[in-house]
Each structure stands twice: as structure tokens, then as C-alpha cells.
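> Here is my input; please provide its structure:
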Amino acid sequence: MTADATTRSSEGVVGRLFSFPNPVNEVSARLVAGGVVVMSALTLALGWHWAVYVIAYGFVARVLTGPSLSPLGQLVTRVVTPRLGVPPRYVAGPPKRFAQGVGAAFTVTAAALTALGHWGAAEILLGVIIVFATLESVFAFCMGCKVFAVLMRVGVIPDEVCERCADIRIVHGAPAR
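Now for the predicted structure:
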């Protein structure tokens, strides 16, 4: 194998690893959100300060690689979802990635606050995560996805980021730009 072929091959592996699925199986997304609710609630109820770092890692891993480097993402996509026997329901990936990014911002901040000895502030952020992850897991209401749509509508996020989202926006009567 030539040096160029090796470089292209390794770039392909890295590119595949650091990618986010599009579309996303909403069944899996909701199950991951349910796992986040359980982990966050246990962390608060049992005072497991160390678990904040695990939760934050999960969000960062899912933003960067989808389920590839997320233990919860792997469990859900490889074990739980296939055993449910429920047909997949596909939704656009970019809004879900944005939502994971919001979760990462909250949980990384909670982890930093925990490290600095501000557990009370970290608990508040985990409480917010529990609320939004519950909305996603129980009601299929993704607050991060709603914010993503607003940011697209006002032009902060360009249409090219999510062509499918732009098409959906037009179908639902939002003015085309």
C-alpha cells in the first residue's frame, strides 16, 4: 500500500469514527435519553459526584462520534433497540447532534463545577438535563431540536447543515429564504 493510500485509508477510518449518523433512529435516541435520565437521577439521589464525569463523557462522545464511543449509545443501538422489535423511525441527524452538544455543554459545566467543589450548582444543571432528557424519552419532544429549528429559521444555522430540516420547514409553512 502506498503512503497516499494509507493516508486516505486512515482518514476514512477517522472520518467514519468522528461522524454523526444522519438520519437517526428516533427509537434509539429516545432510549439513550431514558438512560441519561436514569443515570442523572441516580447521580443526584445517591450523591455520586464521580458519575457526573461519566455522564459528561457520554454526551461529548455522542457529539463527536454518535454512538460509536458512547457506552450508553452502544448498549442502546446494538442490544436494546434490536431486541425491541420496533420498526425504526428516522429523523434528521443534525438537530439531534445539536441537542447532544447542548447536553455536553451542561454536563461538562456540571463536571467542572463538581471538580471545583460546587456540587449544588452541578445538581441544578443535572436537574435541567433530567427535565429535557425526560421530555425526549417520554414525549419525543427534543428541546435541542426545537432550538436548532429556530436557529435555522433566523439564519444562524445555514440550510446546508440540514437540507432535510430546511425541506421540512418549507413543508410546514415556514417562509423559504
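> shaky segments in the chain?
Within the chain, the stretches with pLDDT under 70 are 1-17, 167-177.
> show me where it has helices.
Counting by DSSP state H, the chain has these helices, from start to end: 3-17, 26-46, 51-65, 71-75, 81-84, 93-115, 119-139, 143-153, 163-171.
> Next, format those as CSV and append mean neighbour count.
Heads up, the C-betas are built off the backbone N, CA and C, glycines and all. Formatted as CSV, these follow (neighbours: other C-beta atoms under 10 Å):
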stretch, mean neighbour count
helix 3-17, 10
helix 26-46, 20
helix 51-65, 20
helix 71-75, 18
helix 81-84, 12
helix 93-115, 21
helix 119-139, 17
helix 143-153, 18
helix 163-171, 15
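> And residue 43, how close does it get to residue 148?
As for residue 43, its distance to residue 148 is 27 Å (criterion: C-beta to C-beta, to the nearest Å).
> Quick check, residue 36 in contact with residue 58.
Yes - between residue 36 and residue 58 there is a contact under C-beta atoms under 8 Å: 7.3 Å.
> Show me the common contact partners of these two, please.
residue 72 (C-beta atoms under 8 Å, 6 or more residues apart in numbering).
> Which residues are in contact with residue 130?
Counted by C-beta under 8 Å, 6+ apart, residue 130 has contacts 37, 40-41, 44.
> Between the residues you listed, which sits nearest residue 23?
residue 37 (23.3 Å; C-beta to C-beta).
> ok, residue 114 - contacts?
Residue 114 touches 49, 52-53, 122, counting by C-beta under 8 Å, 6+ apart.
> Distance check, residue 48 against residue 79.
24 Å.
> out of the two, which sits in the more crowded spot?
residue 48 (13 against 9; other C-beta atoms under 10 Å).
> Please enumerate residues in contact with stretch 26-38?
55, 58, 62, 67, 70, 72-73, 75-77, 80-81, 84, 86, 88-91, 96, 103, 129-130, 133-134, 136-138, 140, 142.
> Mind doing that once more with 6 Å?
72-73, 76-77, 80-81, 86, 89, 91, 96, 130, 133-134, 136-137 (C-beta atoms under 6 Å, 6 or more residues apart in numbering).
> again with stretch 76-92
With contact meaning C-beta under 6 Å, 6+ apart, stretch 76-92 is reached by 23-28, 31-32, 67, 162, 164-165.
> closest to residue 109 among those?
Once C-beta to C-beta is applied, the member of the contacts of stretch 76-92 that ends up nearest residue 109 is residue 32, at 20.1 Å.
> State the distance from the closest one to residue 95.
Taken as C-beta to C-beta, the span from residue 32 to residue 95 is 15 Å.
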